[in-house]
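J.: Just the structure for this:
(one chain, ligands or ions: 1)
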Amino acid sequence: MRKQRIIGLFDSGVGGLTVMKEILEQLFDVRIVYFGDTARVPYGNRSQEELVRFGEESVTFLIGQGAEVIVVACNTSSATALPILRERFNIPMIGMVDPGARLAVEKTIAGRIGLIATETTVRSKAYSTGVSRALARGSVPENAVLRESWQQGEQAIALVKAQGCPLFVPLIEAGLANSAEARGIAKTYLAPLQAAGVDALILGCTHYPFLEPVLKEILGEDVLIIDPALAVVEELKVLLQEMEGRDAANSERRSRSEISAVNAGKSQWRARYFVSGDPGLFRQVGNTLLHEPIESVEQVCFGDTPFHT
Ligand code: DGL
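T.: Prediction:
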């Protein structure tokens, strides 16, 4: 009998829902627990120390909810805190940066990759390192012309321009992704990337897919938008299969009562949502994105989260 895994996913706010959406659409036999740290959003200008502490609290909470895999659905935390969280917790974790960098390497046509992200993610240089790491690990562009010219040393593949976009997250959290204000700010942020001639633009913050229609309108068809969430789901599928394989090897040791306990939970819920801030606003903004509506959101408070109802 197949075990229905519980995936724990966290972000500073609604951004992780863009990753959750891909998981819900592609993986049908998993359950997902979401935590949005909306009382402490934005994470984009936090120190590494704070991000590690927030990450520890989120992971501990999600494990307490039964999570067996953690998706760090926040680029800022992935870029700064993830290596430390991996050392501190004995649970598989998938972040955004390596999958996103790999996808950009595979999809670029000119080898000129751009990044929009929070200031902390940009400062960390995690995506430049991620692109180099993806190439070193054998990822190559799908485009045959670029692949050949890169392999012959004639053309580089690199992150050529990274732009911090601090005003995007507050706008998105306030439900203003499709506003004239967002459009105006996006034009300013995108101009240097357009000037640098990027042909593939990584959305290096999980909030930004909320802005995709606005970004596409400004960039036109010449720039391919790279959403790391797609690559994260691919990696998650591989990881779940590996876990399934390990389970199958151990299945003889599993008792009947263990199996029926797993099945008893199957029909109970598909997704659960928790936030540290205002559940109503989260539900309202989240429902503009997800096809499966968010019916209820529960509030949890950690140490210094300021919002209490
Ligand atoms: N959505 C997060 C990220 O991917 C955090 C953004 C923020 O809170 O500033 O970076």
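J.: Excluding covalently adjacent residues, which one is nearest to the residue nearest the centre of the chain?
T.: Among the residues of the chain, the one closest to the centroid is residue 73, at 3.2 Å (CA atoms, centre = their mean). If the residues on either side of it in the chain are set aside, residue 73 comes closest to residue 16, at 3.3 Å by CB to CB, 6 or more residues apart in numbering. To be clear about C-beta, it is placed using only N, CA and C from the backbone, and glycine gets the same treatment.
J.: Just confirm residue 153 is within a helix.
T.: No - going by DSSP: H, G, I helix; E, B strand; the rest coil, the assignment for residue 153 is coil, not a helix.
J.: Could you shift the numbering so residue one becomes 53, and keep it that way?
T.: Got it, the first residue is 53 from now on, which makes the last one we talked about residue 205.
J.: Quick check: phi and psi at it.
T.: Per-residue torsions, residue 205: phi 80, psi 20 (degrees, to the nearest 10).
J.: ok, now residue 340?
T.: phi -80, psi -10.
J.: Can you tell me how far residue 216 is from residue 195?
T.: According to CB to CB, to the nearest Å, residue 216 and residue 195 sit 29 Å apart.
J.: how about the helices in the chain?
T.: Taking DSSP state H as the criterion, the chain carries its helices at 69-78, 100-116, 127-132, 134-140, 149-159, 171-176, 178-188, 196-203, 220-225, 232-247, 264-271, 280-302, 308-318, 331-338.
J.: so who does the nearest residue to residue 66 once chain neighbours are set aside touch?
T.: Closest residue to residue 66 apart from its sequence neighbours, by CB to CB, 6+ apart: residue 337 at 4.9 Å. Contact partners of residue 337, counting by CB atoms under 8 Å, 6 or more residues apart in numbering, are 66, 224-227.
J.: One more: residue 266?
T.: The neighbourhood of residue 266, defined by CB under 8 Å, 6+ apart, consists of 229-230, 234-235, 238.
J.: Among those residues, which pair sits farthest apart?
T.: Greatest spacing in the contacts of residue 266, by CB to CB: 230 and 238 (11.0 Å).
J.: Would you mind telling me which of those two has more residues around it?
T.: residue 238 (23 against 14; other CB atoms under 10 Å).
J.: what about that one, distance to residue 329?
T.: From residue 238 to residue 329 the distance is 25 Å (CB to CB).
J.: picking that back up, neighbour count: residue 216 and residue 195, which is higher?
T.: More crowded of residue 216 and residue 195, by other CB under 10 Å: residue 216, with 20 against 17.
J.: Find the nearest non-adjacent residue to that one, please.
T.: Spatially, and ignoring its direct neighbours in sequence, residue 216 is nearest to residue 171 (4.0 Å; CB to CB, 6+ apart).
J.: pretty sure the one you found is touching residue 96, no?
T.: Yes - between residue 171 and residue 96 there is a contact at 5.8 Å, judged by CB atoms under 8 Å.
J.: anything in contact with each of those two?
T.: 216, 218.
J.: The two: who's more crowded?
T.: residue 96 (24 against 16).
J.: so what pLDDT did the more buried one get?
T.: The model reports residue 96 with a pLDDT of 95.
J.: which residues does it contact?
T.: Residues near residue 96 by CB under 8 Å, 6+ apart: 64, 128, 170-173, 216, 218, 221, 257.
J.: ok, now with 10 Å
T.: 64, 126-128, 169-174, 216-222, 257, 259 (CB atoms under 10 Å, 6 or more residues apart in numbering).
J.: Of those residues, just the buried ones, ChimeraX syntax please.
T.: ChimeraX command restricting those to the buried ones, with burial defined by 16 or more other CB atoms under 10 Å:
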select :64,126,127,128,169,170,171,172,173,174,216,217,219,220,221,257,259
